[in-house]
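In: With the input below, show me the fold.
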Amino acid sequence: MVAVIVRAPAPTTDPPPAPPSAPASALGPLGTVAAPTPWWPGRDVPVDSPAGTTLHVRETPGPAGETAVYVHGLGGSSNNWTELAGALSGRCRGLAVDLPGFGRTPPPATGDYRPAAHAAVVTAYLDDLRRQGSGPVHLLGNSLGGAVSLLVAARRPDLVRTLTLVSPAMPDLRPLPSRIGGGRAALALLPLLGGRARAEQDARSPRERLARTMALCHADPERVGPRALAMATEEAEERARLDWAPDAMNRSFLGLLGTWVAPPPRSLWAAAARVDAPTLVVWGELDRLVGVHRAARTAATLPAGRLLRLEGVGHVAQIERPETVARAVLGLLDAAADGSWPGAARDGVSRGVTRSVRSAYGTVPG
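Out: Numbers count the residues shown, from 1 in each chain. Coordinates of the predicted model:
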């Protein structure tokens with residue numbers, strides 16, 4: 001059962017439909033709790049950018065006509081998209097990137113971890129794909145990756161066919177140290193005063209750090225099966241061997257905070273208002289990191305945005321509910337292709353949609 005909640009400027013406005021959802025039969029292969037999908041193979045890809053970046057990219061095979069590019073969140077990696085990429089593989093090939101300083105991508109030579117810098121690298125990668133014959137891509141981002149994807153779509157609409165944002169890291173200045181692991185984790189970010197807190201963090205085992213991260217990101221970490229947990233632990237242990245990993249994490253977080261206090265013309269809200277691509281916003285009702293209270297404003301700010309809220313889901317809906325998210329993404333792709341997505345352009349005509357049509361969202365029980 002789907003409950004549709006509508007915010008409209010006048011009571012005479014007809015309630016818009018919830019975001020469309022494709023049938024389960026349209027999905028590609030999905031793993032199970034007992035047998036999760038193995039990580040897709042990856043390779044290092046040189047990117048034609050001024051800094052000479054090399055990205056580690058994991059590829060999910062699929063039809064050559066359409067391409068989905070996935071951008072992970074803070075502290076995540078390309079592996080965060082494994083199940084969703086598989087579920088969408090019947091429609092498009094998938095390319096999941098490790099942002100500079102995360103996963104298996106080395107840190108940026110510039111030392112710049114701001115979202116704008118990450119966005120510049122992703123943009124350069126999409127430009128390379130276009131030169132290789134790919135058309136505009138379906139761009140998907142979670143958390144920090146959602147903010148990065150938003151900036152890419154705002155600045156280079158020619159590269160993005162559709163946009164999917166899963167709990168994007170929109171400005172949320174509530175003083176909640178829990179979103180980075182508690183008060184001690186917040187203290188560790190301070191250059192002079194946080195030495196002892198950083199030492200305590202370094203003393204934790206990779207499995208302990210992973211448990212803290214999962215407690216923040218998942219509504220219910222107990223739903224993660226033993227095999228998926230073992231895979232995640234292996235990745236955490238690999239990252240713990242990289243001496244630059246803590247710096248990449250901390251500086252990316254501080255860079256993200258910088259966007260939250262940016263003046264209005266340079267804010268993420270201003271960027272969202274410039275995104276023309278048909279956009280699906282997915283948000284977990286139990287998101288502990290970026291509150292769901294930001295969801296309606298995010299979808300309403302996007303010129304062609306619609307919002308799907310998921311009950312019993314936290315910050316990583318693509319991991320917690322890959323089938324539900326995949327069906328919604330396929331619904332976006334279909335509606336964008338036939339022009340039925342509110343605000344979607346037909347034959348390249350400029351998009352236009354009233355605020356009342358854009359502000360609908362559906363809530364799906366978990």
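
In: Quick check: end-to-end length of stretch 32-50?
Out: Using Cα to Cα, to the nearest Å, the end-to-end distance of stretch 32-50 comes out at 42 Å.

In: averaged over its residues, what pLDDT does it have?
Out: The average pLDDT within stretch 32-50 is 93.

In: so residue 173 sits right up against residue 261, yeah?
Out: Yes. Judged on Cβ atoms under 8 Å, residue 173 makes contact with residue 261 at a distance of 7.4 Å. (C-beta placed from N, C-alpha, C; glycine too.)

In: gap between residue 19 and residue 311?
Out: 15 Å (Cβ to Cβ, to the nearest Å).

In: If you count surrounding residues, which of the two has more?
Out: Counting neighbours by other Cβ atoms under 10 Å for residue 19 and for residue 311 shows that residue 19 has the greater number, 27 against 14.

In: Can you verify that one is assigned to a strand?
Out: No. Assigned with DSSP: H, G, I helix; E, B strand; the rest coil, residue 19 falls outside any strand and is coil.

In: What separation do you get for it and residue 48?
Out: Per Cβ to Cβ, residue 19 is found 35 Å from residue 48.

In: mind listing what residue 232 touches?
Out: By Cβ atoms under 8 Å, 6 or more residues apart in numbering, the residues touching residue 232 are 210, 214, 224.

In: Surely it forms part of a strand?
Out: No. With three-state DSSP as the criterion, residue 232 is located in helix rather than a strand.

In: Which pLDDT value goes with it?
Out: Listed pLDDT for residue 232 reads 94.

In: One more: the one 3 residues further on?
Out: In this prediction, residue 235 carries a pLDDT score of 94.

In: and it, what does it touch?
Out: Taking Cβ under 8 Å, 6+ apart, one finds 77, 79 in contact with residue 235.

In: try residue 165
Out: Counting by Cβ under 8 Å, 6+ apart, residue 165 touches 140-142, 146, 149-150, 279-282, 298.

In: Identify, from these, the entry nearest to residue 205.
Out: residue 142 (25.5 Å; Cβ to Cβ).

In: Quick check: phi and psi on that closest one?
Out: Per-residue torsions, residue 142: phi -120, psi 130 (degrees, to the nearest 10).

In: can you check residue 323 too?
Out: Main-chain dihedrals, residue 323, degrees, to the nearest 10: phi -70, psi -50.

In: Surely it and residue 29 touch.
Out: No. Judged on Cβ under 8 Å, residue 323 makes no contact with residue 29 at a distance of 11.2 Å.

In: Is it correct that residue 309 is in contact with residue 294?
Out: No. Counting by Cβ under 8 Å, residue 309 stays clear of residue 294, with 11.4 Å between them.

In: Count the neighbours of residue 83 for me.
Out: Residues near residue 83, counting by other Cβ under 10 Å: 25.

In: who's in contact with it?
Out: Shown in contact with residue 83 (Cβ under 8 Å, 6+ apart): 30-31, 36-37, 318-319, 322.

In: Now neighbour count and distance to residue 113 too, for those residues, in TSV please.
Out: Putting the contacts of residue 83 into TSV (neighbours: other Cβ atoms under 10 Å; distance: Cβ to Cβ, whole Å) gives the following:
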residue	neighbour count	distance to residue 113
30	15	33
31	17	32
36	22	30
37	20	30
318	27	23
319	26	23
322	24	28
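
In: In helices only, show me the residues you listed.
Out: 318-319, 322 (DSSP state H).

In: thinking again about what came up before, any residues in contact with both of residue 309 and residue 294?
Out: In contact with both residue 309 and residue 294: residue 283, using Cβ under 8 Å, 6+ apart.

In: what's residue 305 sitting at in phi/psi?
Out: Dihedral angles for residue 305 - degrees, to the nearest 10 - are phi -100, psi 140.

In: For residue 113, see how far away it is.
Out: Note on residue 305: its distance to residue 113, by Cβ to Cβ, is 27 Å.

In: which residue packs closest to residue 262, ignoring adjacent ones?
Out: residue 268 (7.8 Å; Cβ to Cβ, 6 or more residues apart in numbering).

In: so residue 134 makes contact with residue 67?
Out: Yes. Between residue 134 and residue 67 there is a contact under Cβ under 8 Å: 5.1 Å.

In: Can you give the distance from stretch 78-85 to the centre of its chain?
Out: Distance, stretch centre to chain centre, for stretch 78-85: 11 Å (Cα atoms, centre = their mean, to the nearest Å).

In: One more: stretch 114-125?
Out: Centroid separation for stretch 114-125 versus its chain: 14 Å, with Cα atoms, centre = their mean.

In: got the contact list for it?
Out: Residues outside stretch 114-125 that contact it (Cβ under 8 Å, 6+ apart): 45, 47-49, 51, 53, 55, 57, 69, 71, 97, 99-100, 108, 110, 144, 147-149, 151-152, 155-156, 159, 252, 255-256, 258-259.
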